[in-house]
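>>> Build me a model:
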Amino acid sequence: MNPTILIVDDEKHTREGLRASLEDAFEVYIAADIGGAMGVLERETVDLVLTDLRLGGEDGMTLVDKVLALPHPPIVILMTAYGSVDAAVEAMKRGAYDFVTKPLNIDRLEMLIQRALRSRKVEKEVVELKQVVEKKFGLERLIGESLVMEEVFDTIKQVAPTRATVLIQGGSGTGKELVAQAIHALSGRPKPKFVTVHCAALSPQLLESELFGHERGAFTGAVERRIGRFEQANGGTIFLDEIGEIDSATQVKLLRVLGEDRSFERVGGNTPIKVDVRLVAATNKNLEKMVSEGKFRDDLFFRLSVVPITMPLLRERKEDIPLLVAAFLKTFASENGKPVPEIAPDAMEAILRYDWPGNVRELRTAIEHGVVMTKSGKITVRDLPAFVRESAAAGGGLSAETYIPVKGRRFNLHDTEHRLILQALEDTGGNVTRAAKNLGISRRTLHRKIKELKTNQDGDRN
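Model (predicted):
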């Protein structure tokens, strides 16, 4: 089936001429005004809209806004006899694919339409492929497009298929266990064979037994043989969280199981047990400092950190906050049987201002609180937890010295929302779909906010 095109022009001979020129390659619909165009779009599936900038007494930009606000908007190309750089930039910012001037060269126009349709097809395939790849690689729960997170993703993909041990360092709540799970998912090892041990939760004796197992009678209360976590994880991955908490005796045993023979003995036993286990460890402590202070074995540290991964604090990647917020909104709206709410500008301002000492885990809790507490379809600052509200009140809003990095750069947030929108549009070359994704809002919402921004700017000029 040929792609479908809607031609919108108030001059009958122009729209009829374009239909005659293009109908051999495309299925063509025509309309003389915005109302007629929207009627066609309600009835038919249209791949591309070709519209004049001037539609009698109507503005073609209004049609652009209406078209691009649809749930599955077609590509938009504008035609005008009044072409200018300003109009082209405005059209691109609103989401138009391209901008052509009259009189039209039909051959060039058809080439442009074909290129636009191919571009949309490739973009759709890339998005679908990315979703498949992320699920295959186990990265779908790790959210972020900042430079520091891109480095983390690259390292995960590089190291996962190998046998190298990985040491994940970073503050509490930064997502260290999610990284470990992603490494295991990419490793090709059996999915059920991901075994987690929280080292700080157990006493030294219990931890040794938990990791390596024990023989019957090994200590008081050992009434039967116990299989340890290393044996349970044989063929898979063992994740040792808070590894900086283990005692010196357990460190020695770990050193042996990471050696060439990959073996250990159960507590109270003397028979070596060999295992094929991938070890991933995590800590929120500075192990290098602990080594220099004699609190952690240097040889074990070197074996653990064949490939180190450092998880950034949330305040170090604030450009990812809109993406995280959008994901958490969907999650908690679904869990609580609510429609997905929007984030009001005052709430996003407060969220961006707060330093998040608890990192992503704390942000997740705050968004869940907002979803539960909002009485409307929009989360305002009043719906956020007290610690976020108090931080916003104490700061009196965002100051001129408050910055947020976006794609490795920093810009002033005196007017947070407008600056975020302008920066996102600049970063994506005017691509509204990608800009909306980066901002963590819907395409429809971004179009509305761009319109509000333009209205405010026009008001300022007046």
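
>>> separation between residue 16 and residue 79?
Distance, residue 16 to residue 79, using CB to CB, to the nearest Å: 15 Å. In short, each C-beta sits where N, CA and C put it, glycine included.

>>> Look at those two and report which has more neighbours.
Neighbour count, other CB atoms under 10 Å: between residue 16 and residue 79, residue 79 has more, with 22 against 13.

>>> Would you mind listing the residues in contact with residue 425?
93, 431-432, 435, 450 (CB atoms under 8 Å, 6 or more residues apart in numbering).

>>> Just the closest of the residues you listed to residue 172, please.
For the contacts of residue 425, the residue nearest residue 172 by CB to CB is residue 435; the value is 32.4 Å.

>>> so who does the closest one touch?
Neighbours of residue 435 in contact, by CB under 8 Å, 6+ apart: 421, 424-425, 427-428, 446.

>>> In helices, which of those residues appear?
Of the contacts of residue 435, the ones assigned to helices by DSSP state H are 421, 424-425, 427, 446.

>>> Tabulate those (a markdown table), appending pLDDT and distance to residue 238.
Below are the ones in helices among the contacts of residue 435 laid out as a markdown table (pLDDT from 0 to 100; distance: CB to CB, whole Å):
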| residue | pLDDT | distance to residue 238 |
| --- | --- | --- |
| 421 | 78 | 46 |
| 424 | 77 | 41 |
| 425 | 77 | 46 |
| 427 | 76 | 40 |
| 446 | 74 | 44 |
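
>>> With adjacent residues omitted, what lies nearest to residue 330?
residue 340 (5.5 Å; CB to CB, 6 or more residues apart in numbering).

>>> Check which helix or strand that neighbour maps to.
Following DSSP states H and E, there is no helix or strand that holds residue 340.

>>> In contact with the nearest residue to residue 169 once chain neighbours are set aside, which residues?
Using CB to CB, 6+ apart and skipping residues adjacent in sequence, the residue nearest residue 169 is residue 310, 5.1 Å away. With contact taken as CB under 8 Å, 6+ apart, residue 310 is in contact with 168-170.

>>> related to what we said a few turns ago, filter the contacts of residue 425 down to the buried ones, PyMOL style.
For the buried members of those, the matching PyMOL selection, counting by 16 or more other CB atoms under 10 Å, is:
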select buried, resi 93+431+432+435+450
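
>>> out of the contacts of residue 425, who's nearest residue 176?
residue 435 (30.6 Å).

>>> From residue 93, how far off is that closest one?
9 Å.

>>> tell me the secondary structure for the residue lying closest to residue 55 once chain neighbours are set aside?
Excluding the flanking residues, the one nearest residue 55 by CB to CB, 6+ apart is residue 10, at 4.9 Å. Under DSSP: H, G, I helix; E, B strand; the rest coil, the three-state class of residue 10 is coil.

>>> Kindly report the same for the one 10 residues further on.
Under the three-state scheme (three-state DSSP), the conformation of residue 20 reads as helix.

>>> For stretch 329-338, which outside residues touch it?
By CB under 8 Å, 6+ apart, stretch 329-338 touches 339-341, 343, 367-368, 371-372, 379.

>>> go with 10 Å
The contact list for stretch 329-338 (CB atoms under 10 Å, 6 or more residues apart in numbering) reads 339-343, 364, 367-372, 374, 377, 379, 440-441.

>>> Please work out the average pLDDT along it.
Summarised as a single mean, pLDDT over stretch 329-338 is 92.

>>> So what's the gap between that stretch and the chain middle?
18 Å (CA atoms, centre = their mean, to the nearest Å).

>>> buried residues in it?
Going by neighbour count (16+ other CB under 10 Å), the buried part of stretch 329-338 is 329, 332-333.

>>> Lowest average confidence across helices and strands of the protein, where is it?
The weakest-scoring helix or strand in the chain, judged by mean pLDDT, DSSP states H and E, is strand 409-412 (a mean of 39).

>>> quick one: the strands in the stretch 351-462 of the chain?
378-379, 403-406, 409-412 (DSSP state E, counting those that start in this stretch).

>>> Need the phi and psi values for residue 295.
phi -100, psi -10 (degrees, to the nearest 10).

>>> Tell me, how many residues neighbour residue 376?
10.

>>> Model confidence score at it, please.
If you check residue 376, the pLDDT there is 87.

>>> correct me, but it touches residue 370?
No: with contact defined as CB atoms under 10 Å, residue 376 does not count as touching residue 370 (11.4 Å).

>>> got any residues that touch both of those two?
Common contacts of residue 376 and residue 370 (CB under 10 Å, 6+ apart): 341, 344, 383.
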